[in-house]
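[1] here is my input; please provide its structure:
(2 chains)
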Amino acid sequence: MKSELATLITSGLQKLVAEDVLRVMPDVTPQIDHPKDTAHGDLSCNIAMVLAKQAKISPRDLATQLIAALPDNTLIERTDIAGPGFINFFIRASQHTAVIGTILEAKDQYGRCDIGRGRRVQVEFVSANPTGPLHVGHGRGAAIGDSLGRLLTATGWSVQREFYYNDAGQQINNLALSVQARAKGKGPEDPEWPVDGYRGEYIQDVATAYQAGDTVHAADRTITADGDLNNLDAIQAFSVACLRREQDQDLRSFSVLFDRYFLESSLYESGAVATTVRALEDNGHTYADQEALWLKTTDFGDDKDRVMRKRDGGYTYFLPDVAYHHDKWQRGFERVINEQGADHHSTITRVRAGLQGLDVGIPKGWPEYVLHQMVTVMRDGSEVKLSKRAGSYVTLRDLIEWVGCDATRFFLVARAPTSQLTFDIDLALARSNENPVYYIQYAHARCASLLLKAETLLGDEGVMAGLPHVDTLTEPETLGLIINLARFPDVVVAAAERLEPHDVANYLRQVAADFHSFYNAHKILDAAPDTALARLALVAATQQVIASGLDLLGVSAPEAM
RNA sequence: CUCCCUGUAGUUAAACAGGAUAUAACUACCGCCUCCUAAGCGGUGAUUCCAGGUUCGAGUCCUGGCGGGGAGGCCA
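    Numbering: from 1, shown residues only, chains lettered A, B, ... in the order given. Alright, predicted model coming up:
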């Protein structure tokens, strides 16, 4: 509807140019908004105020002339000029109600589009090191990253979800040493406990399984424990597999699946790291100092240069990161979006600098980053910091056990990634409209319940029977709901473009509120037959939009509650 | 010291890339089930941290303060 109006306005402007009211066709695209106040019409346009200065006439005069220049159409009921020069458009009611038919015919395709045109995008997220259970922060990353994937898919991109993990560095050595110590009966209080060892109780579980000779299957490999307490390599491989399996279980119960797992160690095995170093050297972006090899990241906007090969010959973490992203580039992803915690902020400049240094035509802003801020967990009014399992942090599994998958996902994704998040356990458990998850799901369940009761009334045609009568849906509450349903495709596109899934959550809350108001204001099943059919069509359309929206967030849409 | 995020009713958030009278929920008080799920609906509250600036118009953009969080290492 917006685009149709934009076309009308554009041809109106062309006519004004032809009439010499405007000297040139403006290069600004008219901005069309939904006014907050319904007295301001259904859509409003600010173009007259924007162009008034260059046209050297007052905004309101320009608006008058523009309205006169608009072509004939069936869209607009009437127009109005308000305030400093807004043009307010009142759309014919039949144009509004038509969306119900559109939704019912498109079914779960409503809101989807092909802006991405099948181009390939990769979303990398979670990417936790396999050294312990996933914590709340990983959960936020999982919820946001997965929703981003769903949004990009819905807008026509071909999405790959990838999980990258470090199975080679110092942290993994510490893991193996910790498991070994546990297997030998030592605890964290023991003087011989490894420095920087992992202290959580889960280490004991891994040690026990290792000694028992268990076989574990993680997403990408199967490993049987060797049992030998002195074989550190075997302990390491087994421990990694064990913890990866635990993480995968948590992610699966969180409805998050990955297409590919990428091991840091493979970058060493394939020689990608060495190749990357050589390329950076050949391109003249490196220098030696104090027996270390430095990358001149200052050439690419960093505030100081960074060491890439340490004095002891090992690489710092960002070098494999550069090699890894070069690999992604070679795999042909037009876009790569990395969802990470805000503590990874400093890697952005370095990785991009390294990629520029390779000089292989990678765009400056590639890859893109979505960084989420910290999560704190509240319960009974105070901050929760401990999990029995992990020892020092609240795990994702804890959260899912406490409040369930749906509420956990919703709460973690419903807030802008850039804002700090307090996860209130009591709120997530609350069974009232304090709790937006249930508020939205309840609206969906109400729709489902109505349609179930209406089966005989609807007959063979089903909900389509109401379409000839939707013009009768003219009450304010009803039209408000319809207009919001019509916004859904715009909301999806905006959320995908801005990489902000929480837009969808806010939108759904609005739709649910509109629906509950409509439900309370009007009888649906007991209305006059034609009206009942029309309202049922609207109920079905609402149910579809809520279900599709919740799906974008990875939250279920229950038929009954 | 430098960089990033952030500051909106008592509380938690919203404001659809700068729009019109800043929107909701919680809380308090009042009302609504012989009726389609009351996990619901309807009614009453703001100097948008402070000071400047940009313009037709600023919660939103810019500059400078103040407050909260995070990052800065030959750690990942």
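
[2] going forward, measure contacts between C-alpha atoms and count neighbours the same way
    Fine.

[3] now do stretch A:354-370: everything it contacts.
    Under the criterion C-alpha atoms under 8 Å, 6 or more residues apart in numbering, residues A:276, A:279-280, A:283, A:285, A:295, A:297, A:300, A:319, A:322, A:325-326, A:329, A:335-340, A:348, A:352, A:417, A:499 lie in contact with stretch A:354-370.

[4] can you tell me which of those residues are in strands?
    Residues of those located in strands (DSSP state E): A:295, A:335, A:336, A:337, A:338, A:339, A:340.

[5] so who does the residue most central in space within chain A touch?
    The residue lying closest to the centre of chain A (C-alpha atoms, centre = their mean) is residue A:148, at 3.0 Å. Taking C-alpha under 8 Å, 6+ apart, we find residue A:148 in contact with A:123, A:496, A:499, A:500, A:501.

[6] looking at those residues, which is nearest RNA strand B?
    Distance to RNA strand B across those (C-alpha to the nearest atom of the strand) is lowest for residue A:499, with 7.5 Å.

[7] how close does the closest residue to the closest one other than its chain neighbours get to RNA strand B?
    Among residues not flanking residue A:499 along the chain, residue A:148 sits closest, at 6.4 Å (C-alpha to C-alpha, 6 or more residues apart in numbering). With distances taken as C-alpha to the nearest atom of the strand, to the nearest Å, residue A:148 is found 14 Å from RNA strand B.

[8] what do you get for residue A:417?
    Look at residue A:417 and RNA strand B: by C-alpha to the nearest atom of the strand, they are 8 Å apart.

[9] could you measure from the closest residue to that residue other than its chain neighbours over to residue A:420?
    Spatial nearest neighbour of residue A:417, excluding adjacent residues (C-alpha to C-alpha, 6+ apart): residue A:372 at 4.4 Å. Look at residue A:372 and residue A:420: by C-alpha to C-alpha, to the nearest Å, they are 8 Å apart.

[10] got the residues of the stretch 251-400 of chain A near RNA strand B?
    Counting by C-alpha under 7 Å from any atom of the strand, the residues of the stretch 251-400 of chain A close to RNA strand B are A:289-292, A:306-307, A:309-312, A:315-318, A:342-347, A:373-374.

[11] these in helices, which ones?
    A:318, A:345, A:346, A:347 (DSSP state H).

[12] in contact with residue A:98, which residues?
    The contact partners of residue A:98, by C-alpha under 8 Å, 6+ apart, come to residue A:470.

[13] near RNA strand B, anything from stretch A:454-468?
    No: if you take C-alpha under 7 Å from any atom of the strand as the test, stretch A:454-468 misses RNA strand B, and the best it gets is 8.3 Å.

[14] show me where the stretch 51-200 of chain A has helices.
    With DSSP state H, counting those that start in this stretch applied, the stretch 51-200 of chain A shows helices at A:59-69, A:93-106, A:136-154, A:170-183, listed in chain order.

[15] how much space separates residue A:559 from RNA strand B?
    6 Å.

[16] same thing with residue A:254?
    Going from residue A:254 to RNA strand B by C-alpha to the nearest atom of the strand gives 19 Å.

[17] quick check: that residue is in a strand.
    No: Residue A:254 is assigned coil when assessed by DSSP: H, G, I helix; E, B strand; the rest coil, not a strand.

[18] how about it: what's its closest non-neighbour residue?
    Spatially, and ignoring its direct neighbours in sequence, residue A:254 is nearest to residue A:405 (5.7 Å; C-alpha to C-alpha, 6+ apart).

[19] kindly report the same for residue A:220.
    That would be residue A:261: by C-alpha to C-alpha, 6+ apart, it lies 7.0 Å from residue A:220.

[20] and the one you found, what are its bridge partners?
    On the basis of DSSP bridges, residue A:261 takes part in beta bridges with residue A:163.

[21] on that earlier part again, and the residue nearest to residue A:499, how far from residue A:253?
    Applying C-alpha to C-alpha, the value for residue A:148 to residue A:253 is 18 Å.

[22] again, but for residue A:209
    In this view, residue A:209 and residue A:253 are 23 Å apart by C-alpha to C-alpha.

[23] neighbour count: those two, which is higher?
    Neighbour totals were compared for residue A:209 and residue A:253, and residue A:209 leads with 20 against 14 (other C-alpha atoms under 10 Å).

[24] can you map out the helices along the stretch 351-500 of chain A?
    A:396-403, A:405-413, A:425-429, A:436-453, A:455-458, A:476-498.

[25] show residues contacting the shortest one.
    If I follow you right, that is helix A:455-458. Outside helix A:455-458, the residues within contact range by C-alpha under 8 Å, 6+ apart are A:462, A:465, A:533.

[26] let's see 7 Å
    The contact list for helix A:455-458, computed with C-alpha atoms under 7 Å, 6 or more residues apart in numbering, reads residue A:465.

[27] alpha carbons of that helix, as CSV, please.
    Taking only C-alpha atoms (Å, rounded to 0.1, in the frame of the first residue of the first chain), the coordinates of helix A:455-458 have been written out as CSV:
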residue,chain,number,x,y,z
GLU,A,455,-16.0,-25.4,12.0
THR,A,456,-19.6,-26.2,11.3
LEU,A,457,-20.5,-22.5,10.9
LEU,A,458,-17.8,-22.1,8.2
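
[28] and it, what's buried?
    The neighbour-count check on helix A:455-458 (16 or more other C-alpha atoms under 10 Å) flags A:457, A:458 as buried.

[29] any idea of the mean pLDDT in that helix?
    Average pLDDT, helix A:455-458: 86.

[30] give me the distance from it to the chain's centre.
    Mean C-alpha position of helix A:455-458 versus that of the full chain (C-alpha atoms, centre = their mean, to the nearest Å) differs by 38 Å.

[31] with the longest one instead?
    Centroid separation for helix A:476-498 versus its chain: 18 Å, with C-alpha atoms, centre = their mean.

[32] so for the helix or strand following that helix, mean pLDDT?
    Downstream of helix A:476-498, the next assigned helix or strand under DSSP states H and E is helix A:502-521. Per-residue pLDDT over helix A:502-521 has a mean of 93.

[33] quick one, whichever helix or strand comes after helix A:502-521 and helix A:136-154 angle?
    Counting by DSSP H and E, the element after helix A:502-521 in chain order, helix or strand, is helix A:529-553. Orientation check (axes from the mean of the first three to the mean of the last three C-alpha atoms, to 10 degrees): helix A:529-553 against helix A:136-154 gives 120 degrees.

[34] which residues touch stretch A:310-327?
    Counting by C-alpha under 7 Å, 6+ apart, A:267, A:272-273, A:276, A:291-293, A:307-309, A:347, A:351, A:354-355 sit against stretch A:310-327.

[35] do stretch A:235-248 as well
    With C-alpha under 7 Å, 6+ apart, stretch A:235-248 has contacts from A:130-134, A:176, A:206, A:216-219, A:223, A:225.

[36] enumerate the residues of the stretch 401-550 of chain A near RNA strand B.
    So the stretch 401-550 of chain A meets RNA strand B at A:415-416, A:418-422, A:431-435, A:438-439, A:442, A:445-446, A:448-450, A:453, A:491, A:494, A:497-498, A:503, A:506, A:513, A:516-517, A:519-526 (C-alpha under 7 Å from any atom of the strand).

[37] just the buried residues of those residues.
    The neighbour-count test (16+ other C-alpha under 10 Å) marks A:415-416, A:421, A:435, A:438-439, A:442, A:445-446, A:448, A:491, A:494, A:503, A:513, A:516, A:519, A:524-525 as buried among those.

[38] that older thread, pLDDT-wise, what's the bottom of the contacts of stretch A:235-248?
    By pLDDT, residue A:219 ranks lowest within the contacts of stretch A:235-248, coming in at 69.
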